[in-house]
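**Student:** structure, please.
(2 chains)
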Amino acid sequence: MLVQLSQLSKIYGKKIGIENLSISLQSGETIGLIGLNGSGKTTTLKLLAGLLHPTHGTIMLEGKTPWQQRHQLVFHSELDTLYPWLDYNGAIKFMSGLYPNFNQKKFTELFTLLEVPKSICAKMSKGQKSRFKLAISLSQGAKLILLDEPLSGIDIISRKKIMQTLLNEHGSDTTMLISTHEIELAQEVFDRILIVNNGKLVLDGSSEELLKDGKNIVSIFEEAIQ
Amino acid sequence: MNSLQTLLWIEWKKSSAKISILLGILGVGSLILISQGLSGARLTTQAILLLFMYLAGIIMVSILSFQVGTDLRSNKFHPLRLSPISPWMHITARIIFQLGIALGYYTILSLLSYFVFEPFFIGHKFRMGLTILALSFYSLFTVILLSTSFTLLISMLNIAFREKQKSSRLAIFLFCIACLSWWSSMAEWSKKTAGSLISPIRLELPESSIKINSLEKLDFNYFYHYEENLNQEIKKEENSEFSIKNDSAPGRQTPMTDETNKTDNNTSGLLLPLNASIPLYIEPILLTVLISVLIIFLITRIWQEVEL
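**Tutor:** Numbers count the residues shown, from 1 in each chain, chains lettered A, B, ... in the order given. Next up, the predicted model:
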(Lines give C-alpha, C1' and ligand atoms only; values in the text may rest on other atoms or scores of the structure.)
Protein backbone atom coordinates (compact mmCIF):
# COMPACT_ATOMS: atom_id res chain seq x y z
CA MET A 1 0.00 0.00 0.00
CA LEU A 2 1.29 3.43 -0.96
CA VAL A 3 1.26 5.72 2.04
CA GLN A 4 1.91 9.44 1.78
CA LEU A 5 2.48 11.73 4.76
CA SER A 6 2.75 15.42 3.90
CA GLN A 7 3.90 18.13 6.30
CA LEU A 8 2.40 16.17 9.17
CA SER A 9 2.37 17.80 12.60
CA LYS A 10 0.74 16.85 15.86
CA ILE A 11 0.84 19.24 18.79
CA TYR A 12 -0.44 18.30 22.25
CA GLY A 13 -1.11 21.64 23.93
CA LYS A 14 2.39 23.14 24.08
CA LYS A 15 4.24 19.87 23.45
CA ILE A 16 5.21 18.93 19.93
CA GLY A 17 4.48 15.29 19.11
CA ILE A 18 5.47 15.34 15.46
CA GLU A 19 6.66 18.27 13.36
CA ASN A 20 6.60 18.57 9.56
CA LEU A 21 6.93 14.87 8.86
CA SER A 22 6.87 14.11 5.14
CA ILE A 23 7.52 10.54 4.04
CA SER A 24 6.11 8.00 1.63
CA LEU A 25 5.97 4.26 2.20
CA GLN A 26 5.97 1.87 -0.73
CA SER A 27 4.01 -1.33 -1.05
CA GLY A 28 5.81 -4.38 0.38
CA GLU A 29 8.34 -2.36 2.39
CA THR A 30 9.22 -3.25 5.97
CA ILE A 31 10.22 -0.06 7.69
CA GLY A 32 11.75 0.44 11.09
CA LEU A 33 10.80 3.53 13.04
CA ILE A 34 13.50 4.13 15.61
CA GLY A 35 13.81 6.81 18.24
CA LEU A 36 14.19 7.60 21.91
CA ASN A 37 11.26 7.57 24.31
CA GLY A 38 8.94 10.50 23.55
CA SER A 39 10.46 11.10 20.13
CA GLY A 40 7.09 10.72 18.33
CA LYS A 41 7.07 7.10 17.18
CA THR A 42 3.72 6.11 18.69
CA THR A 43 2.19 9.44 17.65
CA THR A 44 3.20 8.76 14.05
CA LEU A 45 1.68 5.28 14.14
CA LYS A 46 -1.53 6.50 15.77
CA LEU A 47 -1.85 9.26 13.19
CA LEU A 48 -1.44 6.69 10.43
CA ALA A 49 -4.05 4.44 12.06
CA GLY A 50 -6.50 7.34 12.33
CA LEU A 51 -6.55 7.12 16.12
CA LEU A 52 -5.25 10.70 16.36
CA HIS A 53 -6.05 13.74 14.29
CA PRO A 54 -3.15 15.68 12.81
CA THR A 55 -2.83 19.31 13.84
CA HIS A 56 -1.43 20.11 10.38
CA GLY A 57 -0.75 18.14 7.24
CA THR A 58 -2.37 15.20 5.51
CA ILE A 59 -2.15 11.41 5.47
CA MET A 60 -3.16 9.55 2.35
CA LEU A 61 -3.36 5.78 2.03
CA GLU A 62 -3.71 5.07 -1.68
CA GLY A 63 -5.39 8.45 -2.08
CA LYS A 64 -7.83 8.01 0.81
CA THR A 65 -7.91 8.98 4.48
CA PRO A 66 -6.98 6.41 7.15
CA TRP A 67 -10.63 6.18 8.24
CA GLN A 68 -11.76 5.41 4.70
CA GLN A 69 -9.05 2.76 4.46
CA ARG A 70 -9.44 1.33 7.96
CA HIS A 71 -10.33 -2.11 6.59
CA GLN A 72 -6.85 -2.16 5.01
CA LEU A 73 -4.82 -1.25 8.07
CA VAL A 74 -4.06 -2.73 11.45
CA PHE A 75 -2.58 -1.08 14.50
CA HIS A 76 -0.80 -3.32 16.98
CA SER A 77 -0.35 -1.39 20.21
CA GLU A 78 2.14 -2.26 22.90
CA LEU A 79 -0.66 -1.67 25.41
CA ASP A 80 -3.28 -4.11 26.55
CA THR A 81 -5.87 -3.58 23.83
CA LEU A 82 -7.79 -6.85 23.88
CA TYR A 83 -10.89 -7.61 25.90
CA PRO A 84 -10.00 -9.66 28.99
CA TRP A 85 -12.61 -12.31 28.10
CA LEU A 86 -11.21 -12.90 24.61
CA ASP A 87 -9.80 -16.36 23.89
CA TYR A 88 -8.93 -18.34 20.75
CA ASN A 89 -12.55 -19.13 19.79
CA GLY A 90 -13.71 -15.68 20.83
CA ALA A 91 -11.04 -14.05 18.67
CA ILE A 92 -12.18 -16.05 15.63
CA LYS A 93 -15.80 -15.08 16.27
CA PHE A 94 -14.87 -11.45 16.90
CA MET A 95 -12.56 -11.03 13.92
CA SER A 96 -14.54 -12.98 11.34
CA GLY A 97 -17.67 -11.02 12.26
CA LEU A 98 -16.07 -7.59 12.07
CA TYR A 99 -13.24 -7.95 9.57
CA PRO A 100 -14.27 -9.20 6.12
CA ASN A 101 -10.65 -9.98 5.12
CA PHE A 102 -9.86 -11.99 8.25
CA ASN A 103 -7.94 -15.15 7.40
CA GLN A 104 -8.93 -17.80 9.94
CA LYS A 105 -6.50 -20.40 8.59
CA LYS A 106 -3.57 -18.02 8.91
CA PHE A 107 -4.69 -17.03 12.40
CA THR A 108 -4.76 -20.66 13.53
CA GLU A 109 -1.31 -21.24 12.01
CA LEU A 110 0.15 -18.16 13.71
CA PHE A 111 -1.58 -19.06 16.95
CA THR A 112 0.11 -22.45 16.90
CA LEU A 113 3.46 -21.08 15.69
CA LEU A 114 3.58 -18.43 18.40
CA GLU A 115 2.49 -20.95 21.04
CA VAL A 116 -0.34 -18.86 22.43
CA PRO A 117 -2.38 -20.61 25.12
CA LYS A 118 -6.09 -21.10 24.51
CA SER A 119 -7.07 -19.48 27.81
CA ILE A 120 -8.78 -16.10 28.07
CA CYS A 121 -6.68 -12.95 27.78
CA ALA A 122 -7.04 -12.10 31.47
CA LYS A 123 -5.12 -15.27 32.36
CA MET A 124 -2.26 -14.69 29.88
CA SER A 125 1.16 -13.21 30.64
CA LYS A 126 2.32 -10.05 28.87
CA GLY A 127 4.36 -12.01 26.36
CA GLN A 128 1.48 -14.38 25.61
CA LYS A 129 -0.88 -11.44 25.12
CA SER A 130 1.60 -9.77 22.80
CA ARG A 131 1.90 -12.94 20.69
CA PHE A 132 -1.89 -13.32 20.70
CA LYS A 133 -2.25 -9.72 19.47
CA LEU A 134 0.38 -10.32 16.80
CA ALA A 135 -1.48 -13.41 15.54
CA ILE A 136 -4.65 -11.32 15.30
CA SER A 137 -2.88 -8.39 13.65
CA LEU A 138 -1.12 -10.45 10.99
CA SER A 139 -4.22 -12.41 10.01
CA GLN A 140 -6.50 -9.44 9.36
CA GLY A 141 -5.58 -9.33 5.69
CA ALA A 142 -4.49 -5.70 6.00
CA LYS A 143 -2.21 -4.00 3.50
CA LEU A 144 -0.65 -1.68 6.09
CA ILE A 145 0.48 -3.12 9.40
CA LEU A 146 1.54 -0.70 12.11
CA LEU A 147 3.38 -2.40 14.95
CA ASP A 148 4.15 -0.33 18.01
CA GLU A 149 6.94 -1.85 20.10
CA PRO A 150 6.04 -5.49 19.36
CA LEU A 151 9.10 -6.68 21.30
CA SER A 152 8.68 -4.49 24.35
CA GLY A 153 8.85 -6.44 27.61
CA ILE A 154 9.04 -9.78 25.82
CA ASP A 155 11.44 -12.55 26.86
CA ILE A 156 14.18 -13.68 24.49
CA ILE A 157 12.40 -16.87 23.35
CA SER A 158 9.20 -14.98 22.52
CA ARG A 159 11.24 -12.27 20.79
CA LYS A 160 12.78 -14.82 18.47
CA LYS A 161 9.36 -16.24 17.66
CA ILE A 162 7.98 -12.80 16.92
CA MET A 163 10.99 -11.82 14.81
CA GLN A 164 10.74 -15.08 12.87
CA THR A 165 7.05 -14.44 12.25
CA LEU A 166 7.81 -10.94 11.01
CA LEU A 167 10.56 -12.30 8.76
CA ASN A 168 8.04 -14.76 7.29
CA GLU A 169 5.76 -11.84 6.49
CA HIS A 170 8.64 -10.00 4.83
CA GLY A 171 8.41 -9.96 1.08
CA SER A 172 4.64 -10.02 0.81
CA ASP A 173 2.85 -6.98 -0.61
CA THR A 174 1.98 -5.84 2.90
CA THR A 175 3.63 -2.65 4.11
CA MET A 176 4.87 -2.90 7.69
CA LEU A 177 5.90 0.04 9.83
CA ILE A 178 7.46 -1.15 13.07
CA SER A 179 8.51 1.11 15.90
CA THR A 180 11.10 -0.40 18.19
CA HIS A 181 13.99 0.20 20.55
CA GLU A 182 15.51 -3.14 19.59
CA ILE A 183 17.75 -1.68 16.89
CA GLU A 184 20.19 -4.57 16.80
CA LEU A 185 17.42 -7.03 16.08
CA ALA A 186 15.79 -4.55 13.76
CA GLN A 187 18.55 -4.56 11.18
CA GLU A 188 17.69 -8.18 10.33
CA VAL A 189 14.16 -7.32 9.30
CA PHE A 190 14.01 -3.78 7.98
CA ASP A 191 14.31 -2.71 4.35
CA ARG A 192 14.35 0.89 5.40
CA ILE A 193 15.09 2.74 8.60
CA LEU A 194 13.51 6.00 9.80
CA ILE A 195 15.04 7.70 12.82
CA VAL A 196 12.99 10.32 14.64
CA ASN A 197 14.14 12.66 17.37
CA ASN A 198 12.11 15.31 19.22
CA GLY A 199 9.26 14.89 16.74
CA LYS A 200 11.43 15.41 13.67
CA LEU A 201 12.63 12.95 11.06
CA VAL A 202 16.42 13.01 11.27
CA LEU A 203 17.32 10.04 9.07
CA ASP A 204 15.62 8.15 6.27
CA GLY A 205 17.55 5.54 4.33
CA SER A 206 17.57 1.94 3.17
CA SER A 207 19.17 -0.57 5.55
CA GLU A 208 21.48 -1.75 2.82
CA GLU A 209 22.93 1.72 2.25
CA LEU A 210 23.14 2.65 5.90
CA LEU A 211 24.79 -0.58 6.98
CA LYS A 212 27.28 -0.91 4.13
CA ASP A 213 31.00 -0.91 4.90
CA GLY A 214 30.30 -2.71 8.16
CA LYS A 215 28.70 0.24 9.89
CA ASN A 216 26.93 -0.43 13.16
CA ILE A 217 23.26 0.54 13.51
CA VAL A 218 23.81 1.79 17.07
CA SER A 219 26.50 4.24 16.00
CA ILE A 220 24.34 5.40 13.08
CA PHE A 221 21.48 6.02 15.51
CA GLU A 222 23.71 7.91 17.96
CA GLU A 223 25.08 10.09 15.18
CA ALA A 224 21.63 10.83 13.86
CA ILE A 225 20.13 12.01 17.14
CA GLN A 226 23.04 14.28 18.05
CA MET B 1 -22.12 -14.52 12.18
CA ASN B 2 -22.84 -11.19 10.56
CA SER B 3 -21.52 -7.94 12.00
CA LEU B 4 -24.70 -7.07 13.93
CA GLN B 5 -24.76 -10.50 15.60
CA THR B 6 -21.06 -10.16 16.42
CA LEU B 7 -21.56 -6.72 17.94
CA LEU B 8 -24.51 -8.02 20.01
CA TRP B 9 -22.35 -10.92 21.16
CA ILE B 10 -19.55 -8.49 22.13
CA GLU B 11 -22.08 -6.39 24.06
CA TRP B 12 -23.25 -9.52 25.85
CA LYS B 13 -19.69 -10.53 26.78
CA LYS B 14 -18.81 -7.01 27.94
CA SER B 15 -21.97 -6.58 29.98
CA SER B 16 -22.27 -9.99 31.61
CA ALA B 17 -21.19 -8.67 35.03
CA LYS B 18 -23.69 -5.82 34.92
CA ILE B 19 -26.47 -8.11 33.74
CA SER B 20 -25.64 -10.45 36.63
CA ILE B 21 -26.11 -7.52 39.02
CA LEU B 22 -29.48 -6.78 37.41
CA LEU B 23 -30.50 -10.42 37.75
CA GLY B 24 -29.32 -10.31 41.35
CA ILE B 25 -31.54 -7.29 42.06
CA LEU B 26 -34.44 -9.09 40.39
CA GLY B 27 -33.79 -12.31 42.31
CA VAL B 28 -33.36 -10.69 45.72
CA GLY B 29 -36.34 -8.40 45.12
CA SER B 30 -38.53 -11.33 44.08
CA LEU B 31 -37.48 -13.33 47.13
CA ILE B 32 -38.33 -10.44 49.44
CA LEU B 33 -41.71 -10.02 47.75
CA ILE B 34 -42.44 -13.75 47.96
CA SER B 35 -41.30 -13.95 51.59
CA GLN B 36 -43.67 -11.12 52.48
CA GLY B 37 -46.39 -12.93 50.61
CA LEU B 38 -47.40 -11.67 47.21
CA SER B 39 -50.94 -10.47 46.68
CA GLY B 40 -50.34 -7.12 48.35
CA ALA B 41 -49.90 -8.38 51.89
CA ARG B 42 -47.71 -5.37 52.75
CA LEU B 43 -48.60 -3.06 49.95
CA THR B 44 -46.54 0.03 50.84
CA THR B 45 -43.30 -1.89 51.38
CA GLN B 46 -43.84 -3.93 48.26
CA ALA B 47 -44.70 -0.87 46.16
CA ILE B 48 -41.50 0.87 47.33
CA LEU B 49 -39.47 -2.24 46.56
CA LEU B 50 -40.96 -2.48 43.07
CA LEU B 51 -40.26 1.22 42.49
CA PHE B 52 -36.66 0.67 43.58
CA MET B 53 -36.39 -2.26 41.16
CA TYR B 54 -37.82 -0.16 38.32
CA LEU B 55 -35.29 2.61 39.02
CA ALA B 56 -32.42 0.11 39.33
CA GLY B 57 -33.26 -1.11 35.82
CA ILE B 58 -33.10 2.40 34.36
CA ILE B 59 -29.80 3.11 36.14
CA MET B 60 -28.24 -0.18 35.02
CA VAL B 61 -29.30 0.30 31.40
CA SER B 62 -27.82 3.82 31.53
CA ILE B 63 -24.57 2.39 32.91
CA LEU B 64 -24.50 -0.01 29.94
CA SER B 65 -24.73 3.04 27.66
CA PHE B 66 -21.67 4.62 29.28
CA GLN B 67 -19.58 1.62 28.14
CA VAL B 68 -19.24 3.28 24.77
CA GLY B 69 -16.63 5.55 26.37
CA THR B 70 -14.19 2.72 27.08
CA ASP B 71 -14.66 1.29 23.58
CA LEU B 72 -13.71 4.54 21.90
CA ARG B 73 -10.90 5.56 24.23
CA SER B 74 -7.82 5.98 22.08
CA ASN B 75 -5.72 3.41 23.94
CA LYS B 76 -8.34 0.70 24.35
CA PHE B 77 -9.81 -2.05 22.22
CA HIS B 78 -8.41 -1.03 18.85
CA PRO B 79 -9.74 -4.13 17.07
CA LEU B 80 -13.27 -2.92 17.75
CA ARG B 81 -12.62 0.75 17.07
CA LEU B 82 -10.68 0.19 13.87
CA SER B 83 -13.07 -2.43 12.49
CA PRO B 84 -14.64 -1.40 9.18
CA ILE B 85 -18.14 -1.36 10.65
CA SER B 86 -20.29 1.72 10.16
CA PRO B 87 -21.05 3.87 13.21
CA TRP B 88 -24.76 3.19 12.57
CA MET B 89 -24.18 -0.50 13.13
CA HIS B 90 -22.23 0.12 16.35
CA ILE B 91 -24.95 2.36 17.77
CA THR B 92 -27.84 0.17 16.57
CA ALA B 93 -26.32 -2.91 18.17
CA ARG B 94 -25.94 -1.08 21.47
CA ILE B 95 -29.50 0.27 21.42
CA ILE B 96 -30.98 -3.13 20.47
CA PHE B 97 -28.98 -4.86 23.19
CA GLN B 98 -29.93 -2.39 25.90
CA LEU B 99 -33.60 -2.37 24.90
CA GLY B 100 -33.59 -6.18 24.89
CA ILE B 101 -32.16 -6.29 28.40
CA ALA B 102 -34.66 -3.66 29.57
CA LEU B 103 -37.57 -5.50 27.96
CA GLY B 104 -36.69 -8.77 29.68
CA TYR B 105 -36.16 -7.07 33.02
CA TYR B 106 -39.33 -4.99 32.93
CA THR B 107 -41.51 -7.85 31.70
CA ILE B 108 -40.52 -9.92 34.74
CA LEU B 109 -41.00 -6.87 36.94
CA SER B 110 -44.45 -6.29 35.44
CA LEU B 111 -45.45 -9.84 36.27
CA LEU B 112 -44.29 -9.33 39.85
CA SER B 113 -46.25 -6.06 39.98
CA TYR B 114 -49.32 -7.88 38.72
CA PHE B 115 -49.13 -10.46 41.49
CA VAL B 116 -48.63 -7.77 44.13
CA PHE B 117 -51.57 -5.64 43.00
CA GLU B 118 -53.77 -8.48 41.79
CA PRO B 119 -56.14 -8.57 44.84
CA PHE B 120 -57.11 -4.97 44.16
CA PHE B 121 -58.37 -5.64 40.68
CA ILE B 122 -62.00 -6.56 41.02
CA GLY B 123 -63.05 -8.29 37.82
CA HIS B 124 -61.21 -7.93 34.51
CA LYS B 125 -58.06 -9.38 36.04
CA PHE B 126 -56.86 -10.61 32.71
CA ARG B 127 -57.30 -7.14 31.29
CA MET B 128 -55.38 -5.55 34.16
CA GLY B 129 -52.66 -8.12 33.72
CA LEU B 130 -52.34 -7.14 30.11
CA THR B 131 -52.30 -3.48 31.08
CA ILE B 132 -49.44 -4.02 33.50
CA LEU B 133 -47.53 -6.01 30.89
CA ALA B 134 -48.19 -3.26 28.38
CA LEU B 135 -46.51 -0.91 30.86
CA SER B 136 -43.15 -2.54 30.22
CA PHE B 137 -43.50 -2.16 26.45
CA TYR B 138 -44.81 1.36 26.76
CA SER B 139 -42.13 2.49 29.18
CA LEU B 140 -39.54 0.85 26.93
CA PHE B 141 -40.31 3.27 24.13
CA THR B 142 -41.19 6.32 26.18
CA VAL B 143 -38.59 6.22 28.95
CA ILE B 144 -35.89 3.60 28.33
CA LEU B 145 -35.26 4.34 24.65
CA LEU B 146 -34.98 8.04 25.35
CA SER B 147 -32.81 7.65 28.45
CA THR B 148 -30.55 5.13 26.67
CA SER B 149 -30.03 7.31 23.62
CA PHE B 150 -29.55 10.40 25.77
CA THR B 151 -26.95 8.64 27.94
CA LEU B 152 -25.18 7.50 24.77
CA LEU B 153 -25.21 11.09 23.54
CA ILE B 154 -23.72 12.33 26.81
CA SER B 155 -21.01 9.62 26.64
CA MET B 156 -20.20 10.48 23.04
CA LEU B 157 -20.07 14.20 23.82
CA ASN B 158 -17.66 13.41 26.63
CA ILE B 159 -15.47 11.43 24.22
CA ALA B 160 -15.65 14.16 21.57
CA PHE B 161 -14.57 16.79 24.10
CA ARG B 162 -11.76 14.58 25.36
CA GLU B 163 -10.59 13.83 21.84
CA LYS B 164 -10.81 17.56 21.06
CA GLN B 165 -13.30 17.33 18.21
CA LYS B 166 -14.20 20.86 17.29
CA SER B 167 -16.77 20.53 14.56
CA SER B 168 -20.41 19.77 15.41
CA ARG B 169 -19.77 20.45 19.09
CA LEU B 170 -21.52 23.79 18.83
CA ALA B 171 -24.41 22.25 16.89
CA ILE B 172 -24.90 19.57 19.52
CA PHE B 173 -24.68 22.07 22.33
CA LEU B 174 -27.28 24.28 20.63
CA PHE B 175 -29.51 21.25 20.05
CA CYS B 176 -29.42 20.38 23.74
CA ILE B 177 -30.17 23.97 24.72
CA ALA B 178 -33.03 24.09 22.20
CA CYS B 179 -34.53 20.85 23.58
CA LEU B 180 -34.32 22.09 27.15
CA SER B 181 -35.76 25.49 26.20
CA TRP B 182 -38.63 23.89 24.32
CA TRP B 183 -39.47 21.55 27.16
CA SER B 184 -39.18 24.17 29.87
CA SER B 185 -41.31 26.62 27.86
CA MET B 186 -44.26 24.25 28.11
CA ALA B 187 -46.81 24.97 30.81
CA GLU B 188 -46.19 23.06 34.03
CA TRP B 189 -43.15 21.39 32.54
CA SER B 190 -41.83 20.25 35.89
CA LYS B 191 -45.04 18.37 36.70
CA LYS B 192 -45.12 16.88 33.23
CA THR B 193 -41.50 15.74 33.54
CA ALA B 194 -42.20 14.17 36.91
CA GLY B 195 -45.42 12.65 35.60
CA SER B 196 -43.67 11.24 32.54
CA LEU B 197 -41.06 9.60 34.70
CA ILE B 198 -43.49 8.25 37.28
CA SER B 199 -45.79 6.55 34.83
CA PRO B 200 -45.82 6.62 31.07
CA ILE B 201 -49.29 5.16 30.73
CA ARG B 202 -52.61 6.92 30.81
CA LEU B 203 -55.65 5.02 31.90
CA GLU B 204 -58.81 6.69 30.78
CA LEU B 205 -62.23 5.42 31.51
CA PRO B 206 -65.77 6.54 30.64
CA GLU B 207 -67.40 9.06 32.89
CA SER B 208 -68.80 7.74 36.15
CA SER B 209 -67.53 4.31 35.39
CA ILE B 210 -64.61 4.03 37.78
CA LYS B 211 -64.60 3.90 41.51
CA ILE B 212 -61.44 4.14 43.48
CA ASN B 213 -61.80 3.36 47.13
CA SER B 214 -58.92 1.60 48.78
CA LEU B 215 -56.64 2.43 45.88
CA GLU B 216 -57.38 6.12 45.93
CA LYS B 217 -53.73 7.04 45.55
CA LEU B 218 -52.91 4.36 43.05
CA ASP B 219 -53.77 5.13 39.48
CA PHE B 220 -51.91 5.39 36.25
CA ASN B 221 -53.20 8.76 35.09
CA TYR B 222 -50.04 10.76 35.09
CA PHE B 223 -49.36 11.47 31.51
CA TYR B 224 -49.86 14.71 29.69
CA HIS B 225 -53.35 16.08 30.30
CA TYR B 226 -53.69 14.33 33.62
CA GLU B 227 -53.59 17.48 35.66
CA GLU B 228 -56.28 19.30 33.70
CA ASN B 229 -58.59 16.30 33.61
CA LEU B 230 -58.14 15.57 37.26
CA ASN B 231 -58.79 19.14 38.37
CA GLN B 232 -61.96 19.31 36.28
CA GLU B 233 -63.23 16.05 37.62
CA ILE B 234 -62.47 16.86 41.24
CA LYS B 235 -64.45 20.06 40.90
CA LYS B 236 -67.41 18.11 39.55
CA GLU B 237 -67.29 15.38 42.14
CA GLU B 238 -67.48 16.45 45.73
CA ASN B 239 -67.71 12.99 47.20
CA SER B 240 -64.91 10.41 47.24
CA GLU B 241 -65.84 9.04 43.84
CA PHE B 242 -64.42 10.77 40.83
CA SER B 243 -64.29 9.99 37.17
CA ILE B 244 -62.09 10.78 34.26
CA LYS B 245 -63.41 11.56 30.86
CA ASN B 246 -62.68 9.28 28.00
CA ASP B 247 -60.67 10.91 25.29
CA SER B 248 -62.50 10.38 22.07
CA ALA B 249 -59.64 11.37 19.80
CA PRO B 250 -59.23 8.86 16.99
CA GLY B 251 -56.42 6.40 17.36
CA ARG B 252 -56.13 6.93 21.08
CA GLN B 253 -58.19 4.05 22.28
CA THR B 254 -57.61 0.37 22.51
CA PRO B 255 -61.12 -1.02 22.83
CA MET B 256 -61.42 -3.75 25.38
CA THR B 257 -63.89 -6.41 24.39
CA ASP B 258 -63.94 -8.52 27.51
CA GLU B 259 -67.66 -8.75 28.19
CA THR B 260 -67.60 -11.77 30.42
CA ASN B 261 -66.47 -10.30 33.72
CA LYS B 262 -69.14 -8.25 35.37
CA THR B 263 -68.22 -5.88 38.17
CA ASP B 264 -69.74 -5.20 41.48
CA ASN B 265 -69.87 -1.51 42.37
CA ASN B 266 -70.16 -2.22 46.07
CA THR B 267 -66.86 -4.07 46.24
CA SER B 268 -63.81 -2.24 47.53
CA GLY B 269 -61.04 -1.93 44.97
CA LEU B 270 -60.41 -0.73 41.45
CA LEU B 271 -63.52 -1.42 39.43
CA LEU B 272 -63.62 -1.48 35.68
CA PRO B 273 -66.87 -1.15 33.74
CA LEU B 274 -67.89 -3.42 30.92
CA ASN B 275 -67.22 -0.80 28.31
CA ALA B 276 -63.94 0.42 29.82
CA SER B 277 -61.23 1.32 27.40
CA ILE B 278 -57.59 1.71 28.23
CA PRO B 279 -56.04 3.91 25.60
CA LEU B 280 -52.29 3.90 25.31
CA TYR B 281 -51.34 7.23 23.89
CA ILE B 282 -49.41 6.86 20.69
CA GLU B 283 -48.11 10.44 20.60
CA PRO B 284 -45.56 10.06 23.42
CA ILE B 285 -44.17 6.95 21.71
CA LEU B 286 -43.90 8.73 18.38
CA LEU B 287 -42.37 11.77 20.03
CA THR B 288 -39.78 9.83 22.02
CA VAL B 289 -38.92 7.58 19.07
CA LEU B 290 -38.49 10.67 16.89
CA ILE B 291 -36.28 12.40 19.45
CA SER B 292 -34.31 9.18 19.98
CA VAL B 293 -33.72 8.77 16.23
CA LEU B 294 -32.50 12.36 16.10
CA ILE B 295 -30.19 11.74 19.04
CA ILE B 296 -28.93 8.49 17.48
CA PHE B 297 -28.16 10.39 14.28
CA LEU B 298 -26.10 12.88 16.30
CA ILE B 299 -24.33 10.05 18.17
CA THR B 300 -23.43 8.41 14.86
CA ARG B 301 -22.11 11.70 13.55
CA ILE B 302 -19.91 12.19 16.61
CA TRP B 303 -18.71 8.56 16.47
CA GLN B 304 -17.67 9.13 12.89
CA GLU B 305 -15.79 12.27 13.89
CA VAL B 306 -14.06 10.54 16.76
CA GLU B 307 -13.06 7.69 14.45
CA LEU B 308 -11.96 9.92 11.59
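
**Student:** okay, now whatever residue of chain A ends up closest to chain B: neighbour count?
**Tutor:** Relative to chain B, the nearest point of chain A is residue A:97 (2.6 Å; Cβ to the nearest Cβ). Where C-beta positions appear, they are placed from N, C-alpha and C, glycine not excepted. By the criterion of other Cβ atoms under 10 Å in any protein chain shown, residue A:97 has 21 neighbours.

**Student:** ok, now residue A:13?
**Tutor:** 6.

**Student:** which parts of stretch B:131-141 are buried?
**Tutor:** Judged by neighbour count using 16 or more other Cβ atoms under 10 Å in any protein chain shown, the buried positions of stretch B:131-141 are B:131-133, B:135-141.

**Student:** okay, now the unreliable bits of the chain?
**Tutor:** Chain wasn't specified; assuming chain A. Low-confidence segments of chain A, defined by pLDDT under 70: A:1, A:171, A:184-186.

**Student:** you looked at the wrong chain, it should be chain B
**Tutor:** B:1, B:38-41, B:69, B:72-76, B:120-128, B:161-284, B:306-308.

**Student:** skipping its backbone neighbours, what lies nearest the residue in the stretch 1-150 of chain B that chain A sits nearest to in space?
**Tutor:** The nearest approach of the stretch 1-150 of chain B to chain A comes at residue B:6, 2.6 Å away (Cβ to the nearest Cβ). Leaving aside its chain neighbours, residue B:6 sits nearest to residue A:97 (2.6 Å; criterion: Cβ to Cβ, 6 or more residues apart in numbering or on different chains).

**Student:** what residues sit buried inside the host helix or strand of the residue of chain A closest to chain B?
**Tutor:** In the assignment (DSSP states H and E), residue A:97 maps to helix A:88-98. For helix A:88-98, a neighbour-count test (16+ other Cβ under 10 Å) marks A:88, A:90-95, A:97-98 as buried.

**Student:** can you check stretch B:45-53 too?
**Tutor:** Applying 16+ other Cβ under 10 Å to stretch B:45-53 flags B:46-47, B:49-50, B:53 as buried.

**Student:** hmm, back to that, distance to chain A added to the buried residues of stretch B:131-141, as a markdown table?
**Tutor:** As requested, the buried residues of stretch B:131-141 are exported to a markdown table (distance: Cβ to the nearest Cβ, whole Å):
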| residue | distance to chain A |
| --- | --- |
| B:131 | 40 |
| B:132 | 37 |
| B:133 | 34 |
| B:135 | 35 |
| B:136 | 30 |
| B:137 | 30 |
| B:138 | 34 |
| B:139 | 31 |
| B:140 | 27 |
| B:141 | 29 |
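
**Student:** and which of these is nearest to residue A:163?
**Tutor:** residue B:140 (54.4 Å; Cβ to Cβ).

**Student:** residues contacting that closest one?
**Tutor:** Residue B:140 is in contact with B:99, B:102-103, B:106, counting by Cβ atoms under 8 Å, 6 or more residues apart in numbering or on different chains.

**Student:** for PyMOL, write the selection for the buried entries among those residues.
**Tutor:** Only the buried entries of the contacts of residue B:140 go into this PyMOL selection, using 16+ other Cβ under 10 Å:
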select buried, chain B and resi 99+102+106
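
**Student:** quick revisit: tell me the first helix or strand C-terminal of the helix holding residue A:97.
**Tutor:** That would be, after helix A:88-98 and using DSSP H and E, helix A:104-113.

**Student:** near chain B at all, that next one?
**Tutor:** No - for helix A:104-113 and chain B, the contact criterion (Cβ under 8 Å from any Cβ of the partner chain) is not met; the two come no nearer than 12.4 Å.

**Student:** which residues are in contact with the helix holding residue A:97?
**Tutor:** Helix A:88-98 is contacted by residues A:83, A:86, A:102, A:104, A:107, A:111, A:116, A:118, A:120, A:132, A:136, A:139-140, B:1-3, B:5-7, B:9-10, B:13, B:79-80, B:83-85 when judged by Cβ under 8 Å, 6+ apart.

**Student:** which among those residues count as buried?
**Tutor:** Buried members of those, scored by 16+ other Cβ under 10 Å, are A:83, A:86, A:102, A:107, A:111, A:116, A:132, A:136, A:139-140, B:3, B:6-7, B:9-10, B:79-80, B:83-85.

**Student:** that concludes my questions; thank you for your assistance.
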